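What shape does this take:
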Amino acid sequence: MTATLVHGDHVSCSRLGGSMRRESSRLRQHAHSLEDALGELAAWKGAEAGDSRLSIEASLRVLRATADVLDEAGAALQRYATDLAEGHELGRRAELRVQRAGLLLDGTRVIEPWGPASAIGSERRRGLVPEVQARVDLATAHVGRARGRLGREMTRLTQALSRPPLLAPAGQVEPLPHSELGRTGCAHPARL
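Numbers count the residues shown, from 1 in each chain. Coordinates of the predicted model:
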């Protein structure tokens, strides 16, 4: 029998997700500081002031986008951690069912043990294989779906971070329109 039907450390995934979300919050605080600096530059006139505003606005875009992606990635990892914990429990129950039925696991395949057995015992075990296999399949499919969702989300977020506007050098990014600034001077992330 395999050591564990479901592999992965849900506690570490949750902790990493939490760390990513805390870092996202820290980046948002830096963005607020830059917004304050941008507000102080409003009184400045001249080419240097314009260049400084463009540079700060470009930094704001990158900070906001990075903070959003970190927050989403952290949330995705925490959802995955929950799914993985559920998968571990489903796997544990399936493994117990395999043992109680007198069967064995070969990877994720339920098999009858080798060796002499009575005809009645062998027939009983053979009859339990489909039911027990269904429980094993439920646990592995649950984790497989969760890993697939996590993989798709991480691919999407990686692509979001590599969008050309976020990678443009300072001065080549359009400034924020004043209509996007709220009462506090913060742009709504959905409008960026």
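
Is residue 80 in contact with residue 13, as I believe?
Yes - using C-beta atoms under 8 Å, residue 80 is in contact with residue 13, at 5.7 Å. Using the backbone N, CA and C atoms, a C-beta is placed for each residue, glycine as well.

and those two? which has more neighbours close in?
Ranked by neighbour count (other C-beta atoms under 10 Å), residue 80 and residue 13 place residue 80 first, with 25 against 21.

What's the separation between that one and residue 99?
Per C-beta to C-beta, to the nearest Å, residue 80 is found 28 Å from residue 99.

likewise residue 158?
41 Å.

again with residue 159
In this view, residue 159 and residue 99 are 45 Å apart by C-beta to C-beta.

Tell me which of the two has more neighbours.
Between residue 159 and residue 99, counted using other C-beta under 10 Å, residue 99 has the larger neighbour count: 13 against 10.

Wait, a strand at that one?
No - counting by DSSP: H, G, I helix; E, B strand; the rest coil, residue 99 is not found in a strand; it is helix.

Next one: it, what pLDDT does it get?
Looking at residue 99, its pLDDT stands at 94.

Ok, the one 4 residues further on next?
What the model reports as pLDDT for residue 103 is 94.

Hmm, residue 109 and it touching each other?
No - the pair residue 103 / residue 109 is not scored as a contact, 10.2 Å apart, by C-beta under 8 Å.

neighbour count winner among the two?
Comparing residue 103 with residue 109 by other C-beta under 10 Å, the one with more neighbours is residue 103, at 21 against 11.

now this structure, which segments are flagged as low pLDDT?
1-3, 164-192 (pLDDT under 70).

ok, which stretches of it are strands?
For the chain, the strands defined by DSSP state E occupy 104-106, 109-111.

Tell me which residues touch the most centrally placed residue in the chain, please.
Nearest to the mean C-alpha position of the chain, by C-alpha atoms, centre = their mean, lies residue 76 at 2.7 Å. Taking C-beta atoms under 8 Å, 6 or more residues apart in numbering as the criterion, residue 76 is in contact with 17, 149-150, 153-154, 157.
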